[in-house]
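Student: my questions are about this predicted structure, shown below with the sequence.
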Amino acid sequence: MTPTQIQQFKEQMDAGCAVGIFMKTVDGAIVECAGRSGMDFCILDMEHGPVSYEGLQDLIRACECSGALPIVRVAGITEEYIGKALDLGAAGVQIPQVNDKNAAARAVEYAKFYPGGSRGVCRYVRAAEYSSKDRYEYFRDANKASIVAQVEGLEGVRNLDEIFAVPGIDVVFIGPYDLSQSLGVTGDVLHPKVVEQMELIIQKAAAAGVTVGTFVDTVEDGVRWKNLGVKYIAVSVDVGVFYTACKGIVTGLTA
Ligand code: 3PY
Ligand code: MG
């Protein structure tokens, strides 16, 4: 993905809302379907999905050829996870469990080259077009990759102001499922306690001028959060969408 496409993506969020989906698949065809449908981004899931780094590079290619921005959700806040995803050409990294400013700062540190951070330097990687891209252009462009910080626990909510203040975070993403667990209502993402915390995050983010994202199970829930100002919305998961479609077929023909 070019810096221009990343810039357009950011402008699209500012102007309205970017729509995407989580991907557990290891098959690029499924990712291409999402891209061809007009999805703005796919979150390639290395936290809860089975894909290897070898498979990940093909999923990133599938995003690129179908027009969806490849965002990789890494398995944790480590230099290895973040650096490898970006080296393979991710246009952004999504970081689970950002609970305080130190976690947010580490994510930025590992995702950006100097002066923004201290990401491990190699230009013989896919993101640098295997050394064919001008090296200085590569290091400059690479620092434009998006950083999405997941706030998904009460600790993160308590530390919102300090997380918001860390330079380099592009989107604060509310993870409703982990948030529901930290509120003692595991899985009940529409529980008033969860909704209350989500609304609080959205209000605080608006006051701080921070872009917010979230996950929803349904389009209907997505519309509700969009109307409240959420600008990066991941609707469901590839396997969930496929399951629902299959269930509809079976129900329709056996009822
Ligand atoms: C969560 O809800 O906890 C997520 O990480 C995104 O679905
Ligand atoms: Mg989560």
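Tutor: Everything's here; your move. All of these numbers come straight from a predicted model, not from anything done at the bench. Ligands and ions are numbered 1, 2, ... in the order given.

Student: could you use CA atoms for every contact and neighbour count after this?
Tutor: OK.

Student: what segments of the stretch 1-150 of the chain are helices?
Tutor: Along the stretch 1-150 of the chain, counting by DSSP state H, counting those that start in this stretch, helices occupy 3-15, 28-36, 53-66, 79-87, 101-111, 135-142.

Student: centre of the chain to whichever strand or helix holds Thr214, how far?
Tutor: Using DSSP states H and E, Thr214 sits in strand 211-216. Distance, stretch centre to chain centre, for strand 211-216: 9 Å (CA atoms, centre = their mean, to the nearest Å).

Student: quick check: mean pLDDT of that strand?
Tutor: Rounded to a whole number, the mean pLDDT of strand 211-216 is 98.

Student: likewise for stretch 131-149?
Tutor: pLDDT averaged over stretch 131-149 gives 97.

Student: quick one: residues in contact with the strand holding Thr214.
Tutor: Identification of contacts with strand 211-216 by CA atoms under 8 Å, 6 or more residues apart in numbering yields 13-14, 170-176, 202, 205, 222, 229-236.

Student: do it and ligand 1 meet?
Tutor: Yes - using CA under 6 Å from any ligand atom, strand 211-216 comes into contact with ligand 1 via Phe215.

Student: adjacent strands (with direction) for that strand?
Tutor: strand 171-174 (parallel), strand 232-237 (parallel) (DSSP bridges).

Student: just put these in JSON lines and tack on mean pLDDT.
Tutor: Converted to JSON lines, the strands paired with strand 211-216 look like this (pLDDT from 0 to 100):
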{"stretch": "strand 171-174", "mean pLDDT": "98"}
{"stretch": "strand 232-237", "mean pLDDT": "98"}
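
Student: next, the angle helix 3-15 makes with the strand holding Thr214.
Tutor: Interaxial angle of strand 211-216 relative to helix 3-15 (axes from the mean of the first three to the mean of the last three CA atoms, to 10 degrees): 80 degrees.

Student: name the next helix or strand following strand 211-216 along the chain.
Tutor: helix 219-227.

Student: would that following helix count as contacting ligand 1?
Tutor: No - Helix 219-227 lies out of reach of ligand 1 by CA under 6 Å from any ligand atom, never closer than 12.7 Å.

Student: same question, stretch 33-43
Tutor: No - using CA under 6 Å from any ligand atom, stretch 33-43 stays clear of ligand 1, with a minimum separation of 10.1 Å.

Student: middle-most residue in the chain, spatially?
Tutor: Gln94 (4.2 Å; CA atoms, centre = their mean).

Student: so that residue touches Val72, yeah?
Tutor: Yes - shown here, Gln94 and Val72 form a contact pair, counting by CA atoms under 8 Å, at 5.9 Å.

Student: name the residues contacting each of the two.
Tutor: Ile43.

Student: could you tell me the end-to-end distance of stretch 150-170?
Tutor: 11 Å (CA to CA, to the nearest Å).

Student: all numbers from here: first residue = 303
Tutor: Yes, from this point I'll number from 303; that puts the last item at stretch 452-472.

Student: got the contact list for that stretch?
Tutor: 396-403, 406-407, 410, 418, 448-451, 474-481, 483-485, 499, 503, 507, 510, 512-513.

Student: give me the buried positions along that stretch.
Tutor: Buried residues in stretch 452-472, counting neighbours by 16 or more other CA atoms under 10 Å, are found at 452-456, 458-459, 462-463, 465-466, 468, 470-472.
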